[in-house]
Each structure stands twice: as structure tokens, then as C-alpha cells.
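Asker: Everything below, folded, please.
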Amino acid sequence: MKKLIAKFLNEVWYKDHFVGTWIMPFSFIFTDVVKFRRWMYKKGYKPVEKLPVPVIIVGNITLGGTGKTPLVIYLVEKLKAAGYKPGVISRGYGGQAENWPLRVTADSDAHLVGDEPLLIAQQADCPVAVGPVRAESARLILENETCDVIVSDDGLQHYALHRDIEIVVIDGQRRFGNNFCLPSGPLREPQERIREVDFVVCNGGEPEENEILMQLEGAYAVNMQTSETKPLVEFRDNNYHALAGIGNPQRFFDLLVK
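Answerer: Numbering: from 1, shown residues only. Take a look at the predicted model:
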């Protein structure tokens, strides 16, 4: 059922724009709620927690994946190379833990902490914590590790946490779909929110003015059990099954056929 719903929404949001117009009244309501909620934080009616270290948010304004996690790993690597001691926080979507926040290590159970935070812990080699309240996850890191900057994987709309830098990642192929907010479109916030962030990263496709191009490249396949690597070109003369669990799986399949 979930696959059918996802397929239907993908068609409405990114292909058949006519259908989305029929439920536009619900999008108007959603947009008003989103704007009012943010206004409440701006005016101080809802509390915003400021951490003792800078916070970098890597998020998006569309529902689904756009390539935030690879960018977070890249940022952590660059921050470490520059002499910083970064930590990463995440919501931990898909995690089934009963108690939050939770530290994530390279050997954590993905069923408890979520697969993306686990990937970050394995690839970035830095403190990682997950939980629905991101400030609590950050405090868990700061209380137990020497950390001077926090990178949040997603959380652009988590206004309860003060941020010093906002980075938005756009799917360069699908961009904003029909440009409608939920539920008739894929937007979590109106598109003008983009003008308020510090950096806009375009994952693939053709970047527009003031957007930074991000290209994901893959030349090797890695055996997850043995860590053996093999060039993708060696698979060219045989038939294989490929599976993808990312936000826009077509990007992965396009990479394989290049």
C-alpha cells in the first residue's frame, strides 16, 4: 500500500500537475499553518534553544530525499580538515528505539537509530546522536565529547533549535515539482523560503543562479560483508538486479547505466 501511495504522489507532484490543483484548498491551509508556526518562533511565543556552539542545518523544503546525508558527510570531512571537532545530530527516521536521544556508533543497530545516522557514524567518524528533539541530541554530544560545531542532518523546519548557517539541498532533476505545498505538492514550506537560507546546493541537473552544483559519483561497488571493491565497469557484460532506497532512486539507476 505504501508503494502505491508513494507512486501516486510522485505522479501528482512531479508529472500530472492537473490532479494536484483539485486539492489546492488543503495546501492553502497547510501553508498558513506553516507560516503561523514559524511566526510563533520568530516572535518568541515558542522557545528557541541556542547551543553554546555554532549549528549548521543541512535541510530541504521538499518531502523526500535530496542528497542531504552525503553532503553532511562531506561537510564533516571538510570541518575536520580545517581543525574543527564536529558532531552530527539527526531525527533518526525509521529508528525504533524506545528512549531518546541516543548515541550512534559505527556498530549501532539501524533498526534502532535509523540507517542514515548509522551511515554517517560509519563514514564520517565523528560523534552522532539521534532523537526527535534535536537540541537534546546535541546536548548529549556536547556533554560527552569535545565538540565545537554541530551539523544537523535535516531539521530546516525544526525551528525550536537556533541555527547559525542554513544549507538547503535541491534535487536538481525534480527540483520543486508542481511548486505546491503539501498535500497537493511536495513542498514542506513555500518556495520563497529558499531566499532566506545561506547556501543552496543543487544535487545534479543544471544549477540556477546562486546555486552550488553537487555531483554524486560512483565508480566502484563495495561488498558490504567483505569490504571488497570492484569497478562498476566489470559488471557491464552481465545482468544484475539493482535496488535503491534513496529519495529519488532514478538518480541511482541513471548512474549505473552511464
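
Asker: Please write out the alpha-carbon positions of the single longest strand found in the chain in PDB.
Answerer: Using DSSP state E to define each element, the chain has its longest strand at strand 165-171. These are the backbone C-alpha positions of strand 165-171, laid out as PDB (Å, rounded to 0.1, in the frame of the first residue of the first chain):
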ATOM      1  CA  ILE A 165      24.000  28.600   9.000                       C
ATOM      2  CA  GLU A 166      21.200  27.100   6.800                       C
ATOM      3  CA  ILE A 167      22.100  25.000   3.700                       C
ATOM      4  CA  VAL A 168      19.200  23.800   1.500                       C
ATOM      5  CA  VAL A 169      19.800  20.800  -0.900                       C
ATOM      6  CA  ILE A 170      17.700  20.700  -4.000                       C
ATOM      7  CA  ASP A 171      17.100  17.700  -6.300                       C
END
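
Asker: what's residue 151 in contact with, if anything?
Answerer: 55-56, 58, 72, 75-76, 79, 86-89 (Cβ atoms under 8 Å, 6 or more residues apart in numbering). The C-beta positions use only the backbone N, C-alpha and C, and glycine is treated the same way.

Asker: For the residues you listed, pick the one with the most neighbours.
Answerer: Ranked by neighbour count (other Cβ atoms under 10 Å), these have residue 89 at the top, with 34 neighbours.

Asker: same for the host helix or strand of that residue, what does it pack against?
Answerer: Assignment of secondary structure by DSSP states H and E places residue 89 within strand 86-90. On a contact count with 3 or more Cβ pairs under 8 Å, 6 or more residues apart in numbering; DSSP states H and E, strand 86-90 meets helix 68-81, helix 115-124, strand 128-130, helix 134-144, strand 149-153.

Asker: Can you say which of those is nearest to residue 192?
Answerer: The minimum distance between residue 192 and these falls on helix 68-81, with 20.6 Å, by Cβ to Cβ.

Asker: which residues does the most centrally placed residue in the chain contact?
Answerer: The geometric centre of the chain, computed from its C-alpha atoms, lies nearest to residue 68 (Cα atoms, centre = their mean), at 3.8 Å. Taking Cβ under 8 Å, 6+ apart as the definition of contact, the neighbours of residue 68 are 58-60, 153-154, 169.

Asker: Residue ranges in the protein under the pLDDT threshold?
Answerer: Per-residue confidence of the chain (counting by pLDDT under 70) places the weak regions at 2, 17, 247, 258.

Asker: run the last query once more with 50
Answerer: Flagging of the chain using pLDDT under 50 yields an empty set of residue ranges.

Asker: pull the longest helix from it.
Answerer: Among the elements of the chain assigned as helix by DSSP state H, the one spanning the most residues is helix 24-42.

Asker: Can you check what angle separates whichever helix or strand comes after it from strand 165-171?
Answerer: Next helix or strand after helix 24-42 toward the C-terminus (DSSP H and E): strand 55-59. Orientation check (axes from the mean of the first three to the mean of the last three Cα atoms, to 10 degrees): strand 55-59 against strand 165-171 gives 10 degrees.
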